[in-house]
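> got a predicted structure here, sequence first:
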Amino acid sequence: MPKLIRNGRVVDDNAEILVLDETQAPEALNLPEGPVFVPLAVWQAHKGVLSGRPSLGVWLDSHEGVEDLAGDLDSLQAIALNFPKFTDGRAYSGAALLRSRYGFKGEIRAIGDVLRDQFFFMQRCGFDAIQPKAGKYSDAQLEEALASLQDFSTPYQAAIDQPEPLFRRAARAA
Amino acid sequence: MYRYDSYDQKIVDERVAQFRDQTRRYLAGELTDDEFRPLRLQNGLYIQRHAPMLRVAVPYGLLASRQIRTLANIARTHDKGYAHVTTRQNFQFNWPELKVVPEILAELAQVEMHAIQTSGACIRNITSDPFAGVAGDEYIDPRPWCEVLRQWSTFHPEFAFLPRKFKIAVNGAHQDRAVIQCHDIGLELKRDAAGEIGFRVLVGGGLGRTPIIGEEISDFVPWQHIITYCEAILRVYNRYGRRDNLYKARIKILVKALGIAEFKRQVEEEWTFGKNGPNTLTEAEVARVAAHFTTPAYTQLPGDDAGYAAQRAANPAFAAWAKRNVLAHKVPGYAVVVLSLKDPKRAPGDITDAQLDLVADLADAYSFGEIRATHEQNLVLADVQQSDLFAVWEKARAAGLATPTFGLLNDMICCPGGDFCALANAKSIPIANAIQERFDDLDYLYDIGDLELNISGCMNSCGHHHVGHIGILGVDKNGSEWYQVSLGGSQGNSTSIGKVIGRSFAAAEMPDVISKVIDVYRAQRQEGERFIETVRRIGLDPFKIGVYGDAAIIERKQNA
Ligand code: HEM
Ligand code: SF4
């Protein structure tokens, strides 16, 4: 079974991330059984049908704004944000916005070019599920990579995981 | 100056451990080149012509003598005995081996230093006025604000992978000495009518391929809100800045594309959510940080030192140095000393390990143990008693650190260029040295007066040629090295982008070209007029005629 990191632990996960190729129109719906993340376009085309379905998530590519899901958050258990390349940092803002501005309480999953050296930043921005590409890390490497979540113990600035900046959290000596 | 507490130290120590592990994984083949590149860049490590180049952060240019000694030691043991001061007040090593970089970082961490975010598409080292705290025209000390912003920007999780690098500069004096108009965010400290501190905020400045002067996005952001305001700017940029084309990815392109009014609207809408949030600064935090930047224990002196005047009268070489490299200090009997790194025998901005050790000794003996690095690639001892100046000069001169040319043609800004940099079109250091050699007559240099000459080896503009009174840019023509000359650029309060005068030149022609430009200035200047003022008054044509001859101009007019 594929694995991912959820809330700081390696767990099994069998959700499928549905990617449409150019020949598939979002309107032509043919969803796999079981947990699935659909692209934004599919969600928008079939909101009515999909809303009640268990284990349904939507995934956004890095150029798609989380605003587009703002009205739908109650019907979604999970949102995945794609990193087409790990150097494309838009999803950090997306996750932070979902948590802070829109109060999303479900899972926010990092997908795509997800590497251990960015886990720390992802976690700080509100990702609670982190899914490197299949085959990127062996099971053992993924366990090892958990260490990267702890790269820094006391960051300076406020973020989602730590909503107060250090200067409000700690009495620092002058 | 700012001293680390246990929190600061821990972050830097954890960075060393993190980078040590990343380097290990890279060398073991677990990280690909593409995966490692941004990681090492965010730690100041470029791979260059000869070896990795390590850029060490010097937050707002401030250094303690023990830090300078550590840099000396690194230059000695891990490099070829020298280091380089950059235009953003950092230090750079040209020859370290990748596998020893974690050791170097560990050594730096012991003296509260690091290389965090000195490169890469993240918020870079924050720069400021090298004369902060001692300049007579300062109204608010920028250093505490720089430090507050340094902490906020260090490992900011949302802004670690921006479309492109992001540079912030802060100034708090009448004269802008931090080049705030050429930064992604330029902050000018000011007070409102009620006397409250705040910031005028400029956005979208930058040099590079497309030089753009920053525009005002807010004329006053109260100090409490400066972090949330910057966060709003960064968030809009991170989400909407272009990522499809490296050359169009800086915030300046986004600001131009949207227009400043629309950009401001988006930022201020974003800001309504962050404003008054947890990142709002508190008086207690500002006071805590500001307490690190106390006034040194100055001796009460009656005023100008009589002995200093006598020494100048008796020793013309000392007088020349004092005239150029010694600046007024706001405290009676004290002076600011510029230690020049423009010895014509060395690359501009380079300093040897022995010179670094000497600078540390001078700082300890004469300037409260502090040193500043400047944008113009010199070092500064900011708090020297006038009665000590002669001793400082003698020691500095013996070490080649007293070239008396501060602010003159020979005090050029110069990037590493083709000798070191893999991106270069042309070498820049030999051009600088050739010009310095041409203008080796001090009286002549003094007669020419204040002049900023900036040299970049390619369009990336690391040497800020766009804003030099005279700018020199290395260009590639069919695989050989040529140089384009521009005039009329300027940094500071009246920042302007220079204009190219015409076809480019071979390296060997450059000293002559500069001589001709200077001849035109000397022939045309009015009483007391500085070079840049003459260029602004008479325009480029007289210079074109001086350099290319009448024919070139006539031909151009006919073709037009
Ligand atoms: C030798 C290795 C170096 C490389 C590969 C390098 C590369 C670059 C590149 C690619 C840019 C353009 C970035 C852009 O437009 O977005 C740039 C800008 C810049 N570099 Fe360097 N650089 C190097 C060394 C230096 C040094 C030694 C200095 C200081 C003396 C320096 C100072 C700057 C500054 C101030 C800018 C900003 C100009 C602006 O605002 O656009 N660089 N560099
Ligand atoms: S201006 Fe060009 S040649 Fe000079 S250091 Fe920058 S990238 Fe290299």
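Alright, I've got the coordinates. The shown structure was predicted, so the numbers you read here are calculated from the model rather than taken from an experiment. Ligands and ions are numbered 1, 2, ... in the order given.
> is the one helix or strand A:Q123 maps to in proximity to chain B?
Secondary structure from DSSP states H and E places A:Q123 in helix A:119-124. Yes - legend: contact between helix A:119-124 and chain B by Cβ under 8 Å from any Cβ of the partner chain is shown at A:120-122, A:124. Any C-beta I mention is one placed from the backbone N, CA and C, and that applies to glycine too.
> which one of those residues sits in the busiest neighbourhood?
Most neighbours among the residues of helix A:119-124 next to chain B, by other Cβ atoms under 10 Å in any protein chain shown: A:M122, with 27 neighbours.
> what sits up against the host helix or strand of B:R200?
For B:R200, the element it lies in under DSSP H and E is strand B:197-203. Strand B:197-203 is contacted from outside by B:140, B:145, B:180-181, B:183-192, B:214-223, B:226, B:229, B:233, B:251, B:255, B:260, B:263, using Cβ atoms under 8 Å, 6 or more residues apart in numbering or on different chains.
> next one: stretch A:52-70
So stretch A:52-70 is contacted by A:15, A:17-18, A:34-40, A:43-44, A:50, A:72, A:75-84, A:88, A:90-91, A:94, A:97-98, A:102, A:106-107, A:109, A:111, B:239 (Cβ under 8 Å, 6+ apart).
> separate out the buried members of those.
A:15, A:17-18, A:35-40, A:43, A:50, A:76, A:78-83, A:88, A:90-91, A:94, A:97-98, A:107, A:109, A:111, B:239 (16 or more other Cβ atoms under 10 Å in any protein chain shown).
> what's the neighbour count on residue 145?
Using chain A here. 19.
> um, chain B though
Every residue meeting other Cβ under 10 Å relative to B:W145 is counted, giving 25.
> next secondary structure after the strand holding B:R200?
Toward the C-terminus from strand B:197-203 - assigned by DSSP H and E - lies strand B:215-222.
> okay, now the sheet partners of that following strand, with direction.
strand B:197-203 (antiparallel) (DSSP bridges).
> list the buried residues in stretch B:200-218.
B:200-208, B:211-215, B:217-218.
> okay, who's weakest in these by pLDDT?
Ranked by pLDDT, the buried residues of stretch B:200-218 bottom out at B:G208, which has 90.
> quick one: it and B:C462 touch, right?
No - between B:G208 and B:C462 there is no contact, the gap being 9.1 Å when judged by Cβ atoms under 8 Å.
> show me which of the contacts of strand B:197-203 are buried.
The neighbour count (16+ other Cβ under 10 Å) marks B:140, B:145, B:180-181, B:183-190, B:214-215, B:217-218, B:221, B:223, B:226, B:229, B:233, B:251, B:255, B:263 as buried among these.
> if I look at A:E16, how far off is A:V36?
5 Å (Cβ to Cβ, to the nearest Å).
> how about B:A160, phi and psi?
Backbone geometry at B:A160, expressed as degrees, to the nearest 10, gives phi -80, psi -20.
> what segments of the stretch 51-200 of chain B are strands?
Listed in chain order, the strands of the stretch 51-200 of chain B (DSSP state E, counting those that start in this stretch) span residues B:52-56, B:62-64, B:82-85, B:91-93, B:127-128, B:168-171, B:185-191, B:197-203.
> tell me the residue of chain A that sits nearest ligand 1?
With Cβ to the nearest ligand atom as the measure, A:T87 is the residue of chain A nearest to ligand 1, at 14.3 Å.
> which residues touch that residue?
A:T87 neighbours (Cβ under 8 Å, 6+ apart): B:38, B:121, B:161.
> secondary structure element for it?
Under DSSP H and E, no helix or strand contains A:T87.
> repeat for B:Q22
helix B:6-27.
> elements contacting that helix?
Applying 3 or more Cβ pairs under 8 Å, 6 or more residues apart in numbering or on different chains; DSSP states H and E, one finds that helix B:6-27 contacts helix B:33-41, helix B:101-109.
> can I get the strands of the stretch 51-200 of chain B in CSV with distance to A:A140?
Shown next, in CSV, are the strands of the stretch 51-200 of chain B (distance: least, Cβ to Cβ, whole Å):
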stretch, distance to A:A140
strand B:52-56, 30
strand B:62-64, 44
strand B:82-85, 42
strand B:91-93, 37
strand B:127-128, 44
strand B:168-171, 42
strand B:185-191, 44
strand B:197-203, 47
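> would you turn those into CSV with distance to ligand 2?
Output for these, formatted as CSV (distance: least, Cβ to the nearest ligand atom, whole Å):
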stretch, distance to ligand 2
strand B:52-56, 10
strand B:62-64, 22
strand B:82-85, 10
strand B:91-93, 10
strand B:127-128, 17
strand B:168-171, 18
strand B:185-191, 21
strand B:197-203, 23
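> ranking the ones you listed by mean pLDDT, which is last?
Among these, strand B:52-56 scores lowest, at a mean of 91.
> got phi/psi on A:R53?
phi -70, psi 130.
> if we can go back for a sec, show residues contacting the helix holding A:Q123.
Here helix A:119-124 has contacts from A:5, A:8, A:92, A:95, A:110, A:114, A:130, A:145, A:148-152, A:155, A:159-162, B:155, B:157-158, B:160, using Cβ under 8 Å, 6+ apart.
> among the residues you listed, which ones are buried?
Applying 16+ other Cβ under 10 Å to the contacts of helix A:119-124 flags A:5, A:92, A:95, A:110, A:114, A:130, A:145, A:148-149, A:151-152, A:155, A:159-162, B:155, B:157-158, B:160 as buried.
> out of those, which sit inside strands?
Those of those mapping onto strands are A:5, A:110, A:130, per DSSP state E.
> ranges for the strands of chain A?
Going by DSSP E, chain A shows strands at A:3-6, A:9-12, A:16-17, A:36-39, A:56-60, A:78-83, A:107-112, A:129-130.
> can I get the ones you listed in JSON lines including mean pLDDT and distance to ligand 2?
Shown next, in JSON lines, are the strands of chain A (pLDDT from 0 to 100; distance: least, Cβ to the nearest ligand atom, whole Å):
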{"stretch": "strand A:3-6", "mean pLDDT": "96", "distance to ligand 2": "39"}
{"stretch": "strand A:9-12", "mean pLDDT": "97", "distance to ligand 2": "43"}
{"stretch": "strand A:16-17", "mean pLDDT": "94", "distance to ligand 2": "40"}
{"stretch": "strand A:36-39", "mean pLDDT": "95", "distance to ligand 2": "40"}
{"stretch": "strand A:56-60", "mean pLDDT": "96", "distance to ligand 2": "36"}
{"stretch": "strand A:78-83", "mean pLDDT": "98", "distance to ligand 2": "28"}
{"stretch": "strand A:107-112", "mean pLDDT": "98", "distance to ligand 2": "31"}
{"stretch": "strand A:129-130", "mean pLDDT": "98", "distance to ligand 2": "35"}
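> could I get those in CSV, plus columns for distance to B:L71?
Formatted as CSV, these follow (distance: least, Cβ to Cβ, whole Å):
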stretch, distance to B:L71
strand A:3-6, 40
strand A:9-12, 43
strand A:16-17, 49
strand A:36-39, 50
strand A:56-60, 46
strand A:78-83, 37
strand A:107-112, 39
strand A:129-130, 38
